[in-house]
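Asks: my questions are about this predicted structure, shown below with the sequence.
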Amino acid sequence: MAEEKEKKAQELYMQFQMLDQHIKQLQRQLEAVTSQLVELSMTGSSLDEFKSLSAGKEIFVPLSSGIFAKASIKDTSELLVNVGANVAVKKDVASTKSLIQSQMEEVKKIQKQMIDDLEKMTSHAAHLEMQLQNMVSADKNS
């Protein structure tokens, strides 16, 4: 009987450990998705600012993280937008903003699903932990 309880406790503990690792992985992924959402939001704000610029206006253009070059705006009516596979297409600011909004909506859906999954896993982990604690306290009381 004691062997069965010990085996059951070990199985529960292994499940708990695996679930804990999965929760941590999902938390990291959620952080990345949230970061992507912030970046898209900043891009949308930048597009709003870009709309108000006039031709000939000098701006700083990012070359890399923390490195900028001075440039002059020649045309504010169109942008080059990377659509994947090293392909860029010309788009106006409004359609680019619409594209960013669509991407944000998709990322928000993914974020919500991840949060829901995380809540379910956390609840399941708490249940497993309670089962383990009950088994340990039952053994102490016997």
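Replies: Yep, it's here. Numbering: from 1, shown residues only.

Asks: what ranges do the strands span in the protein?
Replies: 58-64, 67-72, 79-84, 87-91 (DSSP state E).

Asks: right, and those - which one's nearest Met18?
Replies: Of all the strands of the chain, strand 79-84 sits nearest to Met18, with 35.2 Å by CB to CB. Where C-beta positions appear, they are placed from N, C-alpha and C, glycine not excepted.

Asks: distance of the residue nearest to the spatial centre of the chain from Glu129?
Replies: Closest to where the C-alpha atoms of the chain average out (CA atoms, centre = their mean) is Val33, at 1.1 Å. According to CB to CB, to the nearest Å, Val33 stands 27 Å off from Glu129.

Asks: now do Leu40
Replies: Counting by CB to CB, the gap from Leu40 to Glu129 is 37 Å.

Asks: who's in contact with Glu78?
Replies: Shown in contact with Glu78 (CB atoms under 8 Å, 6 or more residues apart in numbering): Lys90, Lys91, Asp92, Val93.

Asks: what's the residue lying closest to Thr43 once chain neighbours are set aside in contact with, if anything?
Replies: Once flanking residues are discounted, Thr43 sits nearest to Ile100: 5.5 Å by CB to CB, 6 or more residues apart in numbering. Listed by CB under 8 Å, 6+ apart, the contact set of Ile100 reads Leu40, Thr43, Gly44, Leu47.

Asks: ditto for Phe16
Replies: Phe16 sits in contact with Ala125, Leu128, Glu129, Leu132, where contact means CB under 8 Å, 6+ apart.

Asks: out of the strands of the chain, which gets nearest to His22?
Replies: His22 lies closest to strand 79-84 among these, at 30.0 Å (CB to CB).

Asks: I'd assumed Lys112 was in contact with the residue nearest to the centre of the chain.
Replies: No - counting by CB atoms under 8 Å, Val33 stays clear of Lys112, with 10.0 Å between them.
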